[in-house]
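1. Just to be clear, the model below is a prediction. Sequence and coordinates:
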Amino acid sequence: MTSSPTPPPKPPGAPASRPPLRRLTARGRQEAHRVASPLELFFDLCFVVAIAQAGVQLVHAVAEGHAGKGILDYAMIFFAIWWAWMNFTWFASAYDNDDVLYRVVTLVQIAGVLVLAAGISEAFTDHDYLVVVLGYLIMRLAMSAQWLRAARSAEGTERTTALRYAGGVLLCQVGWTGLLFLPESARPWTFLVMAVLEMCVPLYAEKDFSTSWHPHHISERYGLFTIIVLGETIAAATVAVKTGVDDNDALGELLPIAAGGLLIIFAAWWIYFVVPIHGHLRSSKDAFLWGYGHYLVFASAAAIGAGLEVAVEQAVDKAHISTLAASSAVTLPTALYLLTVWALHSRHFKVGPAQQLVLPTAALLVICCTFLGDWSVLAAGLVSAAAVTAGETLSARMARRAD
C-alpha cells in the first residue's frame with residue numbers, strides 16, 4: 001500500500017486562496033499597514049477625468065467673459081464628483097473586502113463618473129443636466145447597494161447605520177432627479193438644498209454608531225487624490241503653454257506664467273504634505289469637518305490649473321477678458337487653497353502667532369498680486385514659495401530651541 005504523495009509547498013509570497021464572494025464586514029480601525037488598494041487608485045484616476053472636463057469648461061466660460069456663470073456651474077458639477085468620491089472613500093476605508101462583487105460594484109461607480117464626465121460640456125453650454133444626473137444616479141445606486149450589502153452582514157446599531165446610509169442616498173436621488181424638471185432659475189437654490197441634505201446623511205447615519213474608517217488610510221486616500229488633482233493641474237497648464245508657444249511664438253509672454261504656475265503648484269504640494277494629518281483624525285466630528293472641508297481644497301487646486309490656462313489664453317489674445325480678470329483666475333483659487341489647507345491641516349501643528357500667520361498672510365499677498373498686471377502669476381508663485389520658505393525656517397528655529 002503506497003502513501004499518497006505530499007502536496008508541494010506553496011512558493012513564498014503566493015496569494016492565499018480566497019472565495020470570490022465573502023461577507024462584507026467592517027475592518028478594524030487599528031489595522032496595521034493599511035494602504036490604498038490598486039482598485040482605489042484606479043477609482044481616483046477615473047474621477048480625475050471628470051474633474052479635467054469640468055476644468056476645461058470653466059476655462060471656456062471665464063475666457064469668454066462669463067466667469068460668474070462658469071464658477072457656479074463648476075461648483076455644482078464639482079460637488080457631484082467630489083461627493084461621490086468621498087462617500088466611496090469613507091465606505092471603502094471601513095468595509096473594503098476586495099471580493100468579486102465589491103470590485104464589480106466599484107467598477108459600476110467608475111462607469112457612472114465617466115457617464116457624468118461625458119455630460120459636463122452640455123451642462124455648461126446648454127444647461128442640459130440629463131447625462132450628468134444619469135451618471136450621478138449610477139454612482140449613487142451602486143453606493144446604496146454597497147451599504148445594503150454591509151447591512152446584511154451587520155447587526156444592531158451597525159446595521160441601522162448602514163441602512164440609514166442606503167436609505168438616505170436613495171432619497172436624495174429623488175431630489176436630484178427632480179432637478180431636471182425645474183426651471184433654470186430655480187436650479188441653483190435647489191442644488192444648494194440638495195447638497196445640504198446630502199451632507200446631512202452621514203451625520204444622521206452615524207449618530208448612534210461610528211463606522212470603522214481607518215485614520216491613516218483616509219489621510220492617505222485624500223493625499224493621493226490631492227496629488228492626482230495637482231498633477232492634472234500641471235498637465236493642463238503645460239498643454240496651454242505649449243499651445244501658446246506653438247501657435248503664437250509668445251515664449252516671452254508665457255514664461256512668467258509658466259514659472260509662476262509651477263511655483264504655485266510646487267508650493268501647494270509642499271504645504272499640504274508638510275505635516276502628517278492622520279493623528280488629528282481622532283473622532284468622527286474632527287473627521288467630518290476635515291473631510292467636508294476638502295471640497296474647497298480639491299476644487300481650488302483644480303481651479304488653479306484652469307486659471308493658468310485662462311492666463312495663457314489672455315496673454316496670447318485668445319481670451320475676451322482683461323489682464324486683471326485673467327490674473328484673478330489664478331490668484332483667487334491659489335489664495336483659497338492656502339487658506340483652506342491652513343484651516344484643515346497646518347493650524348493644528350503651528351506653534352505661536354508667527355507660524356500661524358504664514359499661510360493667511362501669504363493668501364492675502366497672493367490676492368494683492370492680482371493687480372500686478374502681466375507679472376501677477378509670477379509674483380503669486382514667488383509669494384507661495386516664500387510662504388514655504390518662511391514656514392520651514394520658523395520650524396527649524398523652533399526645533400533648534402527645543403534641542
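-> The structure has been received and is ready for your questions.
2. hey, let's count contacts and neighbours off CA atoms from now on
-> OK.
3. Show me the longest helix that occurs in this protein.
-> helix 215-248 (DSSP state H).
4. got the buried residues for that one?
-> Buried residues in helix 215-248, counted by 16 or more other CA atoms under 10 Å: 215-234, 236-238, 240-242, 244-245.
5. What of stretch 137-149?
-> 137-144, 146-149.
6. Show me those that map onto helices.
-> Per DSSP H, the buried residues of stretch 137-149 map to helices at 137-144, 146-149.
7. Would you check that residue 59 makes contact with residue 309?
-> Yes. Residue 59 is within contact range of residue 309, at 6.7 Å (criterion: CA atoms under 8 Å).
8. Switch the buried residues of stretch 137-149 over to TSV; also include distance to residue 73 and pLDDT.
-> Listed next are the buried residues of stretch 137-149 as TSV, based on distance: CA to CA, whole Å; pLDDT from 0 to 100:
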residue	distance to residue 73	pLDDT
137	18	94
138	21	95
139	20	95
140	20	94
141	24	95
142	25	95
143	24	95
144	26	96
146	29	95
147	30	96
148	32	95
149	34	95
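9. Columns distance to residue 302 on top of the residues you listed, output as CSV?
-> Formatted as CSV, the buried residues of stretch 137-149 follow (distance: CA to CA, whole Å):
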residue, distance to residue 302
137, 24
138, 24
139, 22
140, 23
141, 27
142, 26
143, 25
144, 28
146, 29
147, 30
148, 33
149, 34
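10. Just give me the closest of the residues you listed to residue 187.
-> Closest approach to residue 187 among those (CA to CA): residue 137, at 17.3 Å.
11. Please pull out the lowest mean pLDDT helix or strand from the chain.
-> helix 215-248 (a mean of 85; mean pLDDT, DSSP states H and E).
12. and that one, what other elements does it pack with?
-> The elements that helix 215-248 packs onto, with contact taken as 3 or more CA pairs under 8 Å, 6 or more residues apart in numbering; DSSP states H and E, are helix 38-63, helix 67-95, helix 251-273, helix 284-315.
13. Of all those helices, which one is nearest residue 391?
-> Once the helices and strands packed on helix 215-248 are compared by CA to CA, helix 251-273 is nearest, at 9.0 Å.
14. now the angle from the closest one to helix 215-248?
-> Here helix 251-273 runs at an angle of 180 degrees relative to helix 215-248 (axes from the mean of the first three to the mean of the last three CA atoms, to 10 degrees).
15. any idea which residue sits dead centre in this structure?
-> For the chain, the residue sitting closest to the mean C-alpha position, by CA atoms, centre = their mean, is residue 298 at 4.0 Å.
16. Residue 224 is in contact with that residue, correct?
-> No. Contact criterion CA under 8 Å: residue 298 and residue 224 do not qualify, at 11.3 Å.
17. Which element, helix or strand, includes residue 335?
-> According to DSSP states H and E, residue 335 maps onto helix 323-344.
18. Output that helix as CSV, nothing but the C-alphas.
-> In CSV, the C-alpha atoms belonging to helix 323-344 read as follows (Å, rounded to 0.1, in the frame of the first residue of the first chain):
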residue,chain,number,x,y,z
THR,A,323,-5.4,91.1,-17.6
LEU,A,324,-6.9,91.8,-14.2
ALA,A,325,-9.7,89.2,-14.7
ALA,A,326,-7.2,86.6,-16.1
SER,A,327,-4.8,87.2,-13.1
SER,A,328,-7.6,86.8,-10.6
ALA,A,329,-8.4,83.4,-12.2
VAL,A,330,-5.1,82.2,-10.8
THR,A,331,-4.7,84.3,-7.7
LEU,A,332,-8.1,83.8,-6.1
PRO,A,333,-8.1,79.9,-6.2
THR,A,334,-4.5,80.0,-5.0
ALA,A,335,-5.4,82.1,-2.0
LEU,A,336,-8.4,79.9,-1.3
TYR,A,337,-6.2,76.8,-1.4
LEU,A,338,-3.7,78.3,1.0
LEU,A,339,-6.4,79.3,3.5
THR,A,340,-8.3,76.0,3.4
VAL,A,341,-5.1,73.9,3.8
TRP,A,342,-4.1,76.1,6.7
ALA,A,343,-7.6,75.7,8.3
LEU,A,344,-7.7,71.9,7.8
